[in-house]
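In: mind looking at a prediction? Sequence and model below.
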Amino acid sequence: MKIDKKILAKLFKTNVKEIGKYCGEKLKNIIRFEYLSSKEIETTTIKIIDKILSDRQIIASKGRRGKWSIGWNESLNNFKKNNKLSSLVPKFYTERENKVFRLGSNFIKVKNPNFEIKMLDIYRNWYFKKYFSKVENIYEFGAGTGHNLVALSKIYKKKGLFGSDFVSSSVKMLKLVAHTKKIRLKAFLFDMSKPNRKIKLSKNSAVYTSGALEQLSGNIKKFIDYTVSQNPKIVVHVEPSIDFYNEKNLNDYLCKIFLSKRKYTTNLIAYLKKLEKNNKIKIIKICRSPFGSLMIEGYSLIVWKIKSLS
């Protein structure tokens, strides 16, 4: 089988016309996949259970800051050596151990180990064009290597781009990429767990996070409150979330257990719904991650804006 407009429209909870408008060019490179057989599903399930039982990673622990700093510094040094934008793709995408991924709640197998990267490129092309077209500035918090900002710069060459992270090696990377690739990108240090309210967003701006709130281990309130105080035009989160899974489905249940164990992005949707109930914000779209790695679906889409009082 291959990824086509109909499949994407269903996964992204939109229509074929919109997929053609925003993703048509990306679909010229065919992405093929196969669903797993019953035996392959059984083997994969055992592998996932083993991983859940052996996993010892603690999100938002003191040692994690140092590990992120080392990781982004490695990417920084690679970029200095080869000056290639491919160096910005985080290793957790390029070093997947197998060729089994998730697509629309099912397991699939692919020949190309870069399946997740290719799907991400299509996906973000869609939501970048759909939600950021009318703003003048885009702020990504937890920008890491800046690979999302580089993708944005190819779509919106005249918009102001801003990237931040809580480790200096990331900020250095963002500044170097901006300078060497002539991108309209500014970078600054920012800890989402302790938002610096002295940092003000420009008017007519969007706020964007991707795989960043997940690292706060559920302590998202301070950052969301900071975001609300900045009055952005639109906010887009692309994060893992436990809110979408059916515990009566084995694939869903195992994914939820793993996400819960690591406390990825817990509390986000519940807190946003609370703000909406209090007439502070309006939730525009909530969409389960359309694809993912062996262990998690890391790309659930949550879009919201400040509620107008007029």
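Out: Yep, that arrived. Numbers count the residues shown, from 1 in each chain.
In: what about the strands in the stretch 151-300 of the chain?
Out: Per DSSP state E, counting those that start in this stretch, the stretch 151-300 of the chain carries strands over the ranges 160-165, 185-189, 205-210, 234-239, 281-287, 291-292, 300-306.
In: which one of these lies nearest to S105?
Out: S105 lies closest to strand 291-292 among these, at 9.7 Å (C-beta to C-beta). All C-beta spots, glycine's among them, are computed from the backbone N, C-alpha and C.
In: is it true that P290 touches A9?
Out: No: between P290 and A9 there is no contact, the gap being 10.4 Å when judged by C-beta atoms under 8 Å.
In: so for these two, which residue has more residues nearby?
Out: Set side by side, P290 and A9 give different neighbour counts by other C-beta atoms under 10 Å, the larger being at P290 (22 against 17).
In: next one: that one from G104, what distance?
Out: In this structure, P290 and G104 are 6 Å apart, going by C-beta to C-beta, to the nearest Å.
In: which residues are common contacts for those two?
Out: With contacts defined as C-beta atoms under 8 Å, 6 or more residues apart in numbering, the residues adjacent to both P290 and G104 are L11.
In: how long is stretch 264-280 end to end?
Out: Across stretch 264-280, the terminal residues are separated by 25 Å (C-alpha to C-alpha, to the nearest Å).
In: quick one: the helices in the protein?
Out: The residue ranges that make up the helices of the chain, judged by DSSP state H, are 5-11, 16-23, 38-54, 62-82, 91-94, 115-131, 147-155, 168-180, 221-229, 250-262, 268-277.
In: list the buried residues in the last one.
Out: If I follow you right, that is helix 268-277. Within helix 268-277, the residues that qualify as buried by neighbour count (16 or more other C-beta atoms under 10 Å) are L268, I269, L272, L275.
In: so how far is that helix off the chain centroid?
Out: Using C-alpha atoms, centre = their mean, to the nearest Å, the distance from the centre of helix 268-277 to the centre of the chain it belongs to is 20 Å.
In: neighbours of the closest residue to N98 other than its chain neighbours, just the number please.
Out: Leaving aside its sequence neighbours, N98 sits nearest to L294 (C-beta to C-beta, 6 or more residues apart in numbering; 6.3 Å). Residues within reach of L294, counting by other C-beta under 10 Å, total 19.
In: quick check, L294 in contact with I108.
Out: No: with contact defined as C-beta under 8 Å, L294 does not count as touching I108 (10.6 Å).
In: what sits in contact with each of these two?
Out: With C-beta under 8 Å, 6+ apart applied, the overlap between the contact sets of L294 and I108 consists of V100, F101, R102.
In: make CSV out of these and add pLDDT, distance to L152 and neighbour count.
Out: Conversion of the shared contacts of L294 and I108 to CSV gives the following (pLDDT from 0 to 100; distance: C-beta to C-beta, whole Å; neighbours: other C-beta atoms under 10 Å):
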residue, pLDDT, distance to L152, neighbour count
V100, 92, 30, 20
F101, 94, 24, 21
R102, 94, 25, 21
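In: picking up where we left off before, can you flag the weakest of the helices of the chain by average pLDDT?
Out: Mean pLDDT values for the helices of the chain show the minimum at helix 91-94, a mean of 64.
In: ok, back up a step: for L85, which of the strands of the stretch 151-300 of the chain is the nearest?
Out: strand 185-189 (12.7 Å).
In: ok, residues contacting the closest one?
Out: 143, 146, 149, 153, 160-166, 168, 170-171, 174-175, 177-178, 199.
In: recalculate using a threshold of 7 Å.
Out: Contacts with strand 185-189, where a contact means C-beta atoms under 7 Å, 6 or more residues apart in numbering, come from 149, 153, 161-164, 166, 168, 171, 174-175, 178, 199.
In: only the buried subset of the residues you listed, as a PyMOL command please.
Out: If you want just the buried ones from these in PyMOL, going by 16+ other C-beta under 10 Å, the selection is:
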select buried, resi 149+153+161+162+163+164+166+171+174+175+178
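In: turn the contacts of strand 185-189 into JSON lines, including distance to K222.
Out: Formatted as JSON lines, the contacts of strand 185-189 follow (distance: C-beta to C-beta, whole Å):
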{"residue": "L149", "distance to K222": "23"}
{"residue": "S153", "distance to K222": "29"}
{"residue": "L161", "distance to K222": "24"}
{"residue": "F162", "distance to K222": "19"}
{"residue": "G163", "distance to K222": "20"}
{"residue": "S164", "distance to K222": "15"}
{"residue": "F166", "distance to K222": "13"}
{"residue": "S168", "distance to K222": "21"}
{"residue": "V171", "distance to K222": "20"}
{"residue": "L174", "distance to K222": "23"}
{"residue": "K175", "distance to K222": "26"}
{"residue": "A178", "distance to K222": "28"}
{"residue": "I199", "distance to K222": "13"}
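In: out of the strands of the stretch 151-300 of the chain, flag the one nearest V89.
Out: From the strands of the stretch 151-300 of the chain, taking C-beta to C-beta, the stretch that ends up closest is strand 205-210, at 13.2 Å.
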